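> missing the sequence, but the structure's below:
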């Protein structure tokens, strides 16, 4: 089984799928343009053969994360299938609560199970040195999600109890996944982390969280941008499926790990250091200094960011302190 060649074919197939999808939407090719939700199902179907490959090449406990990932893909496919059935074929708008919401919720829970199984297989997870970076980043993201997603829903009298639960549930799960992503990327050893599989998996989880929160933002603010994102809703699951075809980190060649470390260690380190400041700046720009300092969560983010900056400056000063010469030490001792 030539898995490398199959991966290349998968990448080309998905690129062609996205290109054709955009061509259909731009040119309004009938009848496909009016059945965009149905056409989205093709993107899901392109992932299933690679989940099957992943289940075959991983054995024992190593297989369990990919069992959960495959279940995640199936549940999301079923949610989109019923969505397409109601909207494209029956012409009935989908309203919450619906059978689609059930599958989307189950999809979120199985995604968490997949990530927990994957985390349990990591033998070395050292987050002590980066705990402040993770804490500030997650707290800032959670504050932004609450301000832009949850708070408008709470204030909207037309939002029912189930819709409120559904949206809050998605935001909380995504926040937990962000925490796990940061812990894996910034807290694992080079010998385990720097492999294509883990990099792709981290990107897949990030896209999964981004897509879910983008869909919520589009619903909360009635953003007319479905056209631009319809071909991309399935991309997180495509990354999960592609990741399943890579061997375990322990089986990855040492030369490959070293090369990936050379390419990615510095950019990821800069991202880890800069992300808290970037998110704090985002809060001040889009929320405003007055609202930021009046809100307890935002104030805590800004306070922790200031503490983090002070710690970094002190560490930098200690690392670059001018060394004393032996003659100076001798003078001090004689005096």
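Noted; the coordinates are in hand. What you see is a predicted model; the values in this text were computed from it and never measured.
> Residue 141 and residue 291: what is the separation?
Distance of residue 141 to residue 291, given as CB to CB, to the nearest Å: 17 Å. In this view, the C-beta of every residue, glycine as well, is placed from N, C-alpha and C.
> Looking only at neighbour counts, state which of those two leads.
residue 141 (22 against 13; other CB atoms under 10 Å).
> residues in contact with the more buried one?
Neighbour list for residue 141: 175, 178, 279 [criterion: CB atoms under 8 Å, 6 or more residues apart in numbering].
> got a markdown table for those, with distance to residue 205, secondary structure and neighbour count too?
Shown next, in a markdown table, are the contacts of residue 141 (distance: CB to CB, whole Å; DSSP: H, G, I helix; E, B strand; the rest coil; neighbours: other CB atoms under 10 Å):
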| residue | distance to residue 205 | secondary structure | neighbour count |
| --- | --- | --- | --- |
| 175 | 12 | helix | 17 |
| 178 | 8 | helix | 19 |
| 279 | 18 | helix | 20 |
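> Could you find the closest non-adjacent residue to the residue sitting nearest the centre point of the chain?
In the chain, the residue lying closest to the centroid (CA atoms, centre = their mean) is residue 206, at 1.4 Å. Distances taken as CB to CB, 6 or more residues apart in numbering put residue 181 closest to residue 206, at 6.2 Å, once the chain neighbours are dropped.
> Same question for residue 213.
residue 174 (6.1 Å).
> correct me, but that neighbour touches residue 206?
No: shown here, residue 174 and residue 206 do not form a contact pair, counting by CB atoms under 8 Å, at 10.0 Å.
> so what's in contact with the two at the same time?
By CB under 8 Å, 6+ apart, no residue touches both residue 174 and residue 206.
> Give me the helices and strands touching the host helix or strand of residue 260, please.
In this assignment (DSSP states H and E), residue 260 forms part of helix 254-286. If you count contacts as 3 or more CB pairs under 8 Å, 6 or more residues apart in numbering; DSSP states H and E, helix 254-286 packs onto helix 131-145, helix 161-187, helix 190-193, helix 196-221, helix 296-319.
> Show me what stretch 273-290 is in contact with.
133, 136-137, 140-141, 143-144, 147, 292, 295, 298, 301-302, 304-305, 308-309, 312.
> Quick check: the gap between the nearest residue to residue 51 once chain neighbours are set aside and residue 184.
The spatially closest residue to residue 51, leaving aside those adjacent along the chain, is residue 70, at 4.2 Å (CB to CB, 6+ apart). Residue 70 is 20 Å from residue 184, where distance means CB to CB.
> For those two, indicate the residue with more neighbours.
residue 70 (24 against 21).
> so residue 236 sits right up against residue 211, yeah?
Yes: under the criterion of CB under 8 Å, residue 236 makes contact with residue 211 at 5.8 Å.
> more crowded one of the two?
residue 236 (24 against 18).
> Helix or strand: which one has the more buried one?
Going by DSSP H and E, residue 236 is part of helix 235-244.
> okay, the angle between that helix and helix 196-221?
Taking axes from the mean of the first three to the mean of the last three CA atoms, to 10 degrees, helix 235-244 and helix 196-221 form an angle of 170 degrees between their directions.
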